[in-house]
Every structure is written in structure tokens, then in C-alpha cells.
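S.K.: Pasting the sequence and the predicted model now:
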Amino acid sequence: MNPQEEVSRPVKQAWNWRIWAGFLVALAVIPSYFVFFAKYPTTRDVPWVSWLMFAISTWLLWTGIRRAFASSKVYRGRITGPILAVLSLGAAVFFGYATLYASRQLPAAAGAPRVGEKAPEFTLADTSGNMVAMSTLLSEPMPGMAGQKPRGLVLVFYRGYW
Amino acid sequence: MRPVAISVDTPDESAALCRKAGYTYTFLSDPKADVIRRYDLLHGSGSPDGKDIARPAEFLVDDSGVVRWRNLTEDYRKRATPEDILKAAQLLQ
């Protein structure tokens, strides 16, 4: 047997699944937050599950890239790994920006009516297009309440639905 | 307590939202943000496509039209829960 022939026989590198798993987990954070986790205050207000997903992604990418360099004959990914890591970092930066900065950029509303002040009157169109006045909302009986006036109103101003 | 939701959405947009989510309470449209401005809740160009919208806020108004409780969140992801509002509504007993 020729020793040189043995050494030069190429060994097929194994697929570095960790760098891809890490990348996919990072990629899943943003859609999973908006589609699912944002519906519940416990995972929306402080998105701990999302940050946990980024931590898992970081661990997978780190161990995957380490393998790619330490055992480069066994594992692929010395170029792909760092690229996927940078993309995953981009996703984390964007998520951090959206949930820690952008959602707090709200005007101060210093002139909003305070406790003890009269709520400004208004007359606006309801979903059927009928104009409804605040005084009507306060005096008209609520459906199913046996002709009783409401004790008060809960005015919920919201950004809008799109 | 009568819940009343107000935004710049048109009556049709609110009607679609109510149908989709099953809401049955009053939804009012303030497309030019006039009332929103009256309550000093305007968020200029606050929507993703640059529209003037309301910044989120909730007010408890008693039967004489006086504000008894309000919540001006610092983060639009965080809003008053139904429990917060029910607790505040006990002020009106």
C-alpha cells in the first residue's frame, strides 16, 4: 500500500448543522414575536422567550463556528458560519431596536386630560357611519343592562389597525 | 362601564376589525385626528407609512364626564389589561 495514496484520499466534510440551526432560530424570532408572542403580555412586554431564542441561536452558531475552524477537515462552514452569524446578529439588533427603542418613541401628551378634569366632548362616526356624541354614550342604556345608564366610559385611544 | 375605542381608522376599517376579532363594543372614527388632538394624544407621522395617529392611552370617565383614571403608556407594546381597567373602575362605585 502506498502511504501517500492513503493520506491524499479526500474525506467528505460533514454538514455543519449547528450554524444553520442557529441561523434559523434567529430568523424565527421576529415572525414568532409578531404572530404569536406579542398577543400575550407575559411574552410581549418583556420578550424573554425571544431573547432566549437569540441566546440559543448564539450558542448554536458559536459551537458550530468553533467546530468549523477547530475541526475544519471534519466540518464545513468556515465561511458560511460567520456570514450566518452576522445575519443573525442583524436580526437581533433589529429586534432590540424595535422593542427597546422604536416602541417608546411616543409624544409626552402633556395636555391630555388629567384625573379630576372634564373629558373633552366629541362627536364621531361609529362603524355604521352614524354620528355619536360622548353625552349620548354616557346617557344611553347599555344593551342587555335592563335600561340602566353606564356608570362611565372607558375611552381607549389606539394607534389603528393595519 | 361602556368601552369606547377611538382611532384614525375609518368606520369601514373598524368594522372589518370588529368582524375579524369579534368585538361588539363601540368603535369611533377620528380620521383627521381632531378629537385625538383635543385630547393631546397626537403622534405625528406615527404609523409605519407616516400617517398621523393617536399615541395609546386609556381614560375612565364617570357619568358626569370627569376623568377618574388614566393610563398613558410609555411603550406602545404595553397597554392596560382588562384587570387594570376593572380595578380602576371600582373607583366609580
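M.R.: Here it is on my side, so go on.

S.K.: Nearest residue to the residue in chain A positioned nearest to chain B in space, please, no chain neighbours.
M.R.: Per C-beta to the nearest C-beta, the residue of chain A with the smallest distance to chain B is residue A:111, at 3.3 Å. The C-beta positions use only the backbone N, C-alpha and C, and glycine is treated the same way. With C-beta to C-beta, 6 or more residues apart in numbering or on different chains as the criterion, residue A:111 has its nearest non-adjacent residue at 3.3 Å, and that residue is residue B:40.

S.K.: and the one you found, how many neighbours?
M.R.: The number of residues packed near residue B:40 is 17, by other C-beta atoms under 10 Å in any protein chain shown.

S.K.: go on, the one 4 residues further on?
M.R.: Each residue near residue B:44 was counted by other C-beta under 10 Å, and the total is 11.

S.K.: my guess is it meets residue B:50, correct?
M.R.: No. Between residue B:44 and residue B:50 there is no contact under C-beta atoms under 8 Å: 9.2 Å.

S.K.: ok, the helix or strand containing residue B:87 near chain A or not?
M.R.: If you go by DSSP states H and E, residue B:87 is part of helix B:82-89. Yes. Using C-beta under 8 Å from any C-beta of the partner chain, helix B:82-89 reaches chain A at B:85, B:89.

S.K.: could you say what helices and strands that helix packs with?
M.R.: strand A:152-157, strand B:57-62, strand B:67-71 (3 or more C-beta pairs under 8 Å, 6 or more residues apart in numbering or on different chains; DSSP states H and E).

S.K.: Among the ones you listed, which comes closest to residue B:1?
M.R.: Proximity to residue B:1, assessed across these by C-beta to C-beta, is greatest for strand A:152-157 (5.3 Å).

S.K.: what angle separates that closest one from helix B:82-89?
M.R.: Going by axes from the mean of the first three to the mean of the last three C-alpha atoms, to 10 degrees, strand A:152-157 is angled at 140 degrees with respect to helix B:82-89.

S.K.: Using PDB, write out every CA atom in strand A:152-157.
M.R.: Provided in PDB are the C-alpha atoms of strand A:152-157 (Å, rounded to 0.1, in the frame of the first residue of the first chain):
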ATOM      1  CA  GLY A 152     -69.000  55.600  33.000                       C
ATOM      2  CA  LEU A 153     -66.900  55.200  29.800                       C
ATOM      3  CA  VAL A 154     -63.600  53.500  29.200                       C
ATOM      4  CA  LEU A 155     -62.100  55.600  26.300                       C
ATOM      5  CA  VAL A 156     -59.400  53.500  24.600                       C
ATOM      6  CA  PHE A 157     -57.300  55.500  22.100                       C
END
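
S.K.: neighbouring strands for it, and are they parallel or not?
M.R.: Pairing partners of strand A:152-157, with direction, according to DSSP bridges: strand B:2-7 (parallel), strand B:57-62 (antiparallel).

S.K.: Fine, thanks again, bye for now.
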